[in-house]
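S.K.: When you get a sec, could you give me coordinates for this:
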Amino acid sequence: MAKKKSLIGSVAVVGGGIGGIQASLDLAEAGYKVYLLDSNPSIGGVMAMLDKTLPTNDCSMCILSPKMVEIDNHPNVELVTYSELKGVEGQAGSFKVKVNKKSRFVDEITCTGCGACAEACVLAGKEPDSFQAGMSNRSAVFLPFPQAVPRLALVDSESCLMITKGKCKKTCLEACPVEAIDFDLKDKVETLEVGAVILAPGLTPYDPSGLAPYYYQNPDVISSMEMERLQCASGPTGGEILRPSDGSTPKSVAWLQCVGSRSLKELPYCSGVCCAYAVKEAMIVKDHEPDIDCHIFFHDQRSFGKGYEAFFRRAQEEYGIVFNHFREPMVQESGNGLVLRVEDEKEGLKEMLFDLVVLSTGFQPPE
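M.R.: The predicted structure follows:
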């Protein structure tokens with residue numbers, strides 16, 4: 001019988017998105033003990049919210065989900081989810097990583113992730129679902145998303161009536177078949193001893209709420225992440241492209257580039273992927289509904305990756321997506337639609353009517 005190899009060190013990977021997951025898998029396969037930390041209740045990060053990846057338009061979860069399952073089952077990886085990094089002390093080869101493991105108010109050993117508690121919750125369908133970019137609601141006790149890893153329920157301490165008011169009908173307690181819900185559970189502070197730390201914090205999409213010209217307050221002016229969820233089969237509309245205001249299929253959709261990016265007042269840099277993901281989203285809209293008229297309004301079209309230039313040409317030649325060079329956009333209401341006022345370098349100021357406007361927001365590091 002072959003002698004079992006001993007672990008050759010330990011590493012803390014901070015961030016459970018695709019970058020942190022791949023780093024953890026590579027380290028674990030090389031024989032290192034890995035602690036994969038994430039502040040969210042499930043690993044997966046932003047990629048778990050995407051419908052397709054570019055420039056191949058392959059299914060995002062088809063790529064990500066097997067890696068999540070592999071991480072969960074790997075003997076050299078320990079998941080430390082729903083946890084906050086409180087500090088790192090030491091030096092190369094000998095670090096002490098202080099972590100606050102927040103209470104789920106659910107016993108992680110006995111919970112099976114069956115979802116019975118979420119169905120029984122008296123606040124079912126009343127709390128904004130961040131995984132759906134706020135476009136639908138969930139319960140106060142919930143599973144983060146269908147493919148969540150670890151597959152454990154979580155009680156939202158900010159909305160649960162039992163936690164906030166000390167009283168509730170306790171239907172979730174009665175519904176749980178394994179009695180996993182425990183409101184007496186507390187946060188725990190742990191110290192991990194590791195030889196190295198990898199920071200993979202991922203990204204935060206820019207919030208366009210404060211940008212007046214884009215009129216994000218209108219339900220039919222949505223962010224790029226909201227469009228991703230509309231396109232996804234696990235999204236709030238089951239993958240149908242529908243206007244949030246009335247649930248109808250839009251006849252025309254406009255993407256506005258560089259929202260918040262390349263601005264001295266907002267983000268002074270180009271995020272690098274907004275041009276390409278807008279093209280990808282427009283292609284997917286045409287795949288869903290070929291008759292929808294799709295326009296992309298851009299300052300400068302950026303082709304940063306391998307195959308991206310061909311990707312853009314394909315969008316024009318095969319899908320009929322229209323690219324418009326513009327400056328100084330403004331979105332306004334007009335009856336049952338949205339008027340987009342833009343300054344064209346050749347034609348000057350012009351107005352165009354659209355049913356749905358998508359804001360291509362840039363990215364920034366998490367706080």
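S.K.: C-alpha only now, for contacts and for neighbours.
M.R.: Fine.
S.K.: roughly how far apart are the residue lying closest to residue 217 once chain neighbours are set aside and residue 363?
M.R.: Distance criterion Cα to Cα, 6 or more residues apart in numbering; nearest residue to residue 217, sequence neighbours excluded, is residue 209 at 7.1 Å. From residue 209 over to residue 363 the distance is 15 Å, taken as Cα to Cα, to the nearest Å.
S.K.: So if I had to pick from the two, which one is more boxed in?
M.R.: Neighbour count, other Cα atoms under 10 Å: between residue 209 and residue 363, residue 363 has more, with 21 against 11.
S.K.: Who are the contact partners of the spatially closest residue to the more buried one that is not a sequence neighbour?
M.R.: Closest residue to residue 363 apart from its sequence neighbours, by Cα to Cα, 6+ apart: residue 205 at 4.6 Å. Contacts were defined as Cα atoms under 8 Å, 6 or more residues apart in numbering; by that measure residue 205 touches 225, 361, 362, 363, 364.
S.K.: Surely the last one touches residue 201?
M.R.: Which is residue 364. No - in this structure, residue 364 is not within contact of residue 201 by Cα atoms under 8 Å, at 10.4 Å.
S.K.: just to revisit the earlier point, distance to residue 61, pLDDT and secondary structure added to the contacts of residue 205, as a markdown table?
M.R.: Shown next, in a markdown table, are the contacts of residue 205 (distance: Cα to Cα, whole Å; pLDDT from 0 to 100; DSSP: H, G, I helix; E, B strand; the rest coil):
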| residue | distance to residue 61 | pLDDT | secondary structure |
| --- | --- | --- | --- |
| 225 | 15 | 96 | helix |
| 361 | 22 | 94 | strand |
| 362 | 22 | 91 | coil |
| 363 | 21 | 89 | strand |
| 364 | 23 | 87 | strand |
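S.K.: And the residue nearest the centre of the chain, its phi and psi?
M.R.: Centroid check for the chain by Cα atoms, centre = their mean gives residue 46 as the closest residue, at 3.1 Å. Reported as degrees, to the nearest 10, the phi and psi values for residue 46 are phi -70, psi -30.
S.K.: Check residue 118 too.
M.R.: The phi and psi values for residue 118, taken as degrees, to the nearest 10, are phi -60, psi -40.
S.K.: What distance do you get for it to residue 366?
M.R.: 29 Å.
S.K.: which of these two has more neighbours?
M.R.: The neighbour count for residue 118 versus residue 366, taken as other Cα under 10 Å, is higher for residue 118 (25 against 9).
S.K.: For stretch 41-59, measure first residue to last.
M.R.: Stretch 41-59 has an end-to-end distance of 23 Å (Cα to Cα).
S.K.: What are the buried residues along it?
M.R.: 41-55 (16 or more other Cα atoms under 10 Å).
S.K.: Same question for stretch 310-329.
M.R.: Those buried within stretch 310-329 under the rule 16+ other Cα under 10 Å are 311, 312, 315, 319, 320, 321, 323, 326, 327, 329.
S.K.: And for stretch 60-78?
M.R.: Neighbour-count burial for stretch 60-78, with 16+ other Cα under 10 Å as criterion, is recorded at 60, 61, 64, 65, 67, 68, 71, 72, 76, 77, 78.
S.K.: for stretch 279-289, same thing?
M.R.: Along stretch 279-289, these residues count as buried under the neighbour rule (16+ other Cα under 10 Å): 279, 280, 281, 282, 283, 284, 285, 286.
S.K.: Narrow the residues you listed to those in strands?
M.R.: Counting by DSSP state E, no part of the buried residues of stretch 279-289 is found in strands.
S.K.: Could I get the residues you listed in CSV, plus columns for pLDDT and distance to residue 174?
M.R.: Below are those laid out as CSV (pLDDT from 0 to 100; distance: Cα to Cα, whole Å):
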residue, pLDDT, distance to residue 174
279, 96, 48
280, 97, 45
281, 97, 43
282, 98, 46
283, 97, 47
284, 97, 43
285, 97, 43
286, 97, 47
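S.K.: In CSV, list those residues along with distance to residue 355.
M.R.: CSV is the format used below for the buried residues of stretch 279-289 (distance: Cα to Cα, whole Å):
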residue, distance to residue 355
279, 18
280, 19
281, 16
282, 14
283, 17
284, 17
285, 13
286, 15
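S.K.: Which one of those is nearest to residue 246?
M.R.: The shortest gap between residue 246 and any of those belongs to residue 285, at 18.1 Å (Cα to Cα).
S.K.: picking that back up, please name the nearest non-neighbouring residue to the residue nearest to the centre of the chain.
M.R.: Nearest residue to residue 46, sequence neighbours excluded (Cα to Cα, 6+ apart): residue 17, at 6.7 Å.
S.K.: OK, contacts around that neighbour?
M.R.: By Cα under 8 Å, 6+ apart, the residues touching residue 17 are 43, 44, 45, 46, 47, 200, 201, 202.
S.K.: Tell me the secondary structure of the first one, please.
M.R.: Three-state call for residue 43 (DSSP: H, G, I helix; E, B strand; the rest coil): coil.
S.K.: Would you check that it makes contact with residue 145?
M.R.: No - in this structure, residue 43 is not within contact of residue 145 by Cα under 8 Å, at 10.6 Å.
S.K.: Could you pull out the strands in the stretch 251-367 of the chain for me?
M.R.: Secondary structure of the stretch 251-367 of the chain (DSSP state E, counting those that start in this stretch): strands at 252-259, 293-298, 322-325, 327-334, 337-344, 348-354, 356-361, 363-364.
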